[in-house]
Structure formats: structure tokens, C-alpha cells
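A.B. asks: Got a sequence here, can you build the structure:
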Amino acid sequence: MVIQRGEVYWVDLGEPQGSRPAKRRPVLIVSDDLYNSSKLATVVAVTFTSTLHLGDMPGNVHIAEGEAGMTRA
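C.D. replies: Modelled structure (predicted):
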């Protein structure tokens, strides 16, 4: 299976530890498809959260409701 840039997957990120994302949540694949199809078996992904105040923190991006075409699970 080759994972491609722009795809969204539901991933179990395990139990919460500190401020890192945890539990089952969607992730967006952002790594280049050449990298994704390499023998490294690694992709770069970003997580989504519905906690709106986190979108205002440095390094985070706020996506308006409906913009990502996702519904809450």
C-alpha cells in the first residue's frame, strides 16, 4: 500500500502523554509522494483537533468548519 500526500487516515496515537496528540484521530499526509513510496516505510503527517484555541498557537493552522470536508467521528 502506498500512502499519498493529501490523504486523510484515522490513526490510533495511543494514550495521552503530556501535550502530545493521543487517542484515535484523523491525520493528513503532508510528505511528498516520492518519499512516501520509498523503502523508508515512513510518512510525515499532521494531526487534527477540534480544540479551537489550539489553532491560535504558533505553528498551528486553524481550519474553518467544513473547509476540510470532515465530520466529527
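A.B. asks: ok, now how distant is the residue in the chain sticking out farthest from the centre from residue 31?
C.D. replies: With distances taken from the mean C-alpha point of the chain and given as C-alpha atoms, centre = their mean, the most distant residue is residue 39, at 21.7 Å. The gap separating residue 39 from residue 31 is 14 Å, by C-beta to C-beta, to the nearest Å. Heads up, the C-betas are built off the backbone N, CA and C, glycines and all.
A.B. asks: so the residue farthest from the centre of the chain sits in a helix?
C.D. replies: No. Assigned with DSSP: H, G, I helix; E, B strand; the rest coil, residue 39 falls outside any helix and is coil.
A.B. asks: Please report the distance of it from residue 11.
C.D. replies: For residue 39, the distance to residue 11 (C-beta to C-beta) stands at 22 Å.
A.B. asks: repeat for residue 23
C.D. replies: In this structure, residue 23 and residue 11 are separated by 10 Å, where distance is defined by C-beta to C-beta.
A.B. asks: which of these two has more neighbours?
C.D. replies: A side-by-side neighbour count of residue 23 and residue 11, using other C-beta atoms under 10 Å, places residue 11 first with 14 against 10.
A.B. asks: did I read that right, that one in a strand?
C.D. replies: Yes. Looking at residue 11 with three-state DSSP, it is inside a strand.
A.B. asks: That one bridge partners, please.
C.D. replies: For residue 11, the beta-bridge partners are residue 25 (DSSP bridges).
A.B. asks: What distance do you get for it to residue 47?
C.D. replies: Applying C-beta to C-beta, one obtains 8 Å for the distance of residue 11 from residue 47.
A.B. asks: any common contacting residues for those two?
C.D. replies: Contact with both residue 11 and residue 47 is made by residues 25, 26, 27, according to C-beta atoms under 8 Å, 6 or more residues apart in numbering.
A.B. asks: can you list the weak-confidence ranges in this protein?
C.D. replies: 73 (pLDDT under 70).
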